[in-house]
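Visitor: pasting the structure only:
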Ligand code: NAD
């Protein structure tokens with residue numbers, strides 16, 4: 001399952017006004033102009049091990065300074081591999097002592113979805129900036145509590161929407177925004193993979209908050225929102241299950257459509273059933289443009305009705321982390337802010353509501 005996930009995972013974004021918020025913590029860091037911000041990784045699972053820690057070796061403004069793990073065996077391995085001193089190793093109980101550690105500027109929360117809120121709020125209370133993996137949390141209420149805690153502590157909060165930084169996704173947004181092929185009329189977006197181990201947290205509602213939709217359908221939603229540049233006003237969704245035992249607690253496959261104020265329509269799908277569904281396509285008045293694969297960690301492929309789109313493929317996690325460091329150092333608000341994460345969770349909730357009620361939901 002991890003191989004297929006790694007092979008498929010993805011990116012996107014939209015322009016968000018830059019707001020100068022220059023929090024207290026940023027002012028302190030700016031005193032040391034060339035300093036790399038110290039990141040503490042919380043949760044040393046697949047994503048931290050295979051993507052984030054290696055990406056931290058490629059960043060310009062960040063460094064892996066600390067780890068937080070509930071598995072003592074991982075402490076020694078990580079300490080040796082990344083030269084992390086004992087004083088910068090924490091577990092979930094000692095986590096709050098991070099407040100007194102000046103080596104740590106940013107906490108990167110890479111835990112199961114339903115743990116994001118608790119650790120974001122504890123990080124904020126410790127006076128540290130927070131980068132939190134997607135989906136932001138499992139309910140809008142929990143997302144709002146995270147935003148409020150970071151605001152109260154005057155620290156920045158960003159969500160790990162790596163696609164919003166890829167040149168390929170930025171080009172999709174530009175083509176739509178500048179109406180290169182005329183106005184966009186229809187968008188198709190889909191992302192899924194075949195999930196393995198039936199005992200993993202991704203299949204437990206209490207930890208995941210949902211199934212394929214929460215995990216990877218969110219990329220399709222982000223893709224559509226970023227390309228359309230609008231928020232949906234109506235959603236219709238249906239769910240199908242081929243394995244009701246394995247997917248007893250969470251969704252296996254969901255298809256949904258969205259209407260936007262300008263008249264744009266979007267058809268989307270997500271699944272835990274098969275590999276290879278990994279696409280963002282926009283049909284406009286005079287042509288079309290697409291990414292396929294659209295959401296993988298690398299190897300994105302773009303095409304338009306006029307030919308291929310080729311761009312460099314920088315490490316998506318390194319780019320995302322360097323952007324967050326720049327936000328902190330300059331006082332700029334991240335375009336992948338907590339508010340952006342909350343918008344997605346509200347829409348995902350409406351998709352689940354439409355599935356439950358069997359009818360369209362107005363937003
Ligand atoms: P994983 O299962 O590989 O790792 C989860 C980590 O959390 C493990 O180290 C585990 O020990 C720890 N953990 C602590 N308490 C736990 C509990 N009660 N149950 C299970 N694990 C517990 O998961 P992952 O693939 O690394 O995903 C972590 C987060 O990152 C998720 O929110 C996921 O959505 C997100 N993610 C994002 C991307 C991306 O491309 N941005 C890709 C993969 C995962």
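Guide: Nice, I can see it. In this text the structure is predicted, and so the values were computed from the model without any measurement.
Visitor: Contact residues of this structure facing the ligand?
Guide: 9, 43-48, 70-71, 110-113, 133-134, 160, 162, 201, 207, 215 (CB under 6 Å from any ligand atom). The way it works is simple: take the backbone N, C-alpha and C, and place the C-beta from them, glycine included.
Visitor: now the strands: where do they sit in the stretch 251-363 of the chain?
Guide: For the stretch 251-363 of the chain, the strands defined by DSSP state E, counting those that start in this stretch cover 253-259, 265-271, 278-284, 287-291, 302-304, 307-309, 361-362.
Visitor: meant to ask about the stretch 101-250 of the chain
Guide: Counting by DSSP E, counting those that start in this stretch, the strands of the stretch 101-250 of the chain are 106-109, 129-132, 157-159, 184-192, 234-240.
Visitor: Mean pLDDT added to those strands, as TSV?
Guide: As requested, the strands of the stretch 101-250 of the chain are exported to TSV (pLDDT from 0 to 100):
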stretch	mean pLDDT
strand 106-109	99
strand 129-132	99
strand 157-159	99
strand 184-192	98
strand 234-240	98
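Visitor: what about those strands, which gets the closest to residue 57?
Guide: strand 106-109 (14.3 Å; CB to CB).
Visitor: residue in the stretch 51-200 of the chain nearest to the ligand?
Guide: residue 133 (3.6 Å; CB to the nearest ligand atom).
Visitor: Run through the residues that contact residue 131.
Guide: 39, 106, 107, 108, 109, 158, 159, 160, 320, 321, 324 (CB atoms under 8 Å, 6 or more residues apart in numbering).
Visitor: Look at the third one and say how many residues are nearby.
Guide: Yep, that's residue 107 we're talking about. Neighbour count of residue 107, defined by other CB atoms under 10 Å: 26.
Visitor: hang on, isn't it packed against residue 129?
Guide: Yes. With contact defined as CB atoms under 8 Å, residue 107 reaches residue 129; the gap is 7.3 Å.
Visitor: residues making contact with stretch 335-349?
Guide: Counting by CB under 8 Å, 6+ apart, 13-16, 132, 134-140, 143-144, 146-147, 150, 157-161, 164, 210, 213-214, 217-218, 221-222, 225, 231-232, 235, 320, 363 sit against stretch 335-349.
Visitor: One more: stretch 255-263?
Guide: Applying CB under 8 Å, 6+ apart, the set of residues contacting stretch 255-263 is 183, 185, 224, 228, 230-238, 240, 265-269, 351, 354.
Visitor: are any of the residues you listed buried, and which?
Guide: 224, 228, 230, 232, 235-237, 265-269, 351, 354 (16 or more other CB atoms under 10 Å).
Visitor: Select, from the residues you listed, the two members most distant in space.
Guide: 230 and 269 (20.1 Å).
Visitor: give me every residue that touches residue 350.
Guide: Applying CB under 8 Å, 6+ apart, the residues contacting residue 350 are 235, 361, 363.
Visitor: was I right about residue 51 contacting residue 318?
Guide: No. Look at residue 51 against residue 318 with CB under 8 Å: they stay out of range, at 9.7 Å.
Visitor: higher neighbour count, the two?
Guide: Between residue 51 and residue 318, residue 318 has the larger neighbour count (other CB under 10 Å), namely 22 against 19.
Visitor: per-residue pLDDT, residue 5?
Guide: The predicted structure scores residue 5 at 39 on the pLDDT scale.
Visitor: in the sheet, who's paired with the residue lying closest to residue 224 once chain neighbours are set aside?
Guide: Nearest residue to residue 224 in three dimensions, chain neighbours excluded: residue 266, at 4.4 Å (CB to CB, 6 or more residues apart in numbering). Residue 266 has these beta-bridge partners by DSSP bridges: residue 187, residue 258.
Visitor: returning to that earlier point: thinking the residue of the stretch 51-200 of the chain closest to the ligand is in contact with residue 109, fair?
Guide: Yes. Look at residue 133 against residue 109 with CB under 8 Å: they come within range, at 6.1 Å.
Visitor: shared neighbours, these two?
Guide: residue 116.
Visitor: Which of those two has more residues huddled nearby?
Guide: residue 109 (25 against 22).
Visitor: Which residue would be the closest one in the protein to the ligand?
Guide: For the chain, CB to the nearest ligand atom, closest residue to the ligand: residue 45, 1.7 Å.
Visitor: Excluding residues flanking it in the chain, which one is nearest that residue?
Guide: residue 110 (6.7 Å).
Visitor: From residue 41, how far off is the one you found?
Guide: 6 Å (CB to CB, to the nearest Å).
Visitor: Now the common contact residues for those two.
Guide: 48, 52.
Visitor: quick one, phi/psi of residue 42?
Guide: phi -110, psi 110 (degrees, to the nearest 10).
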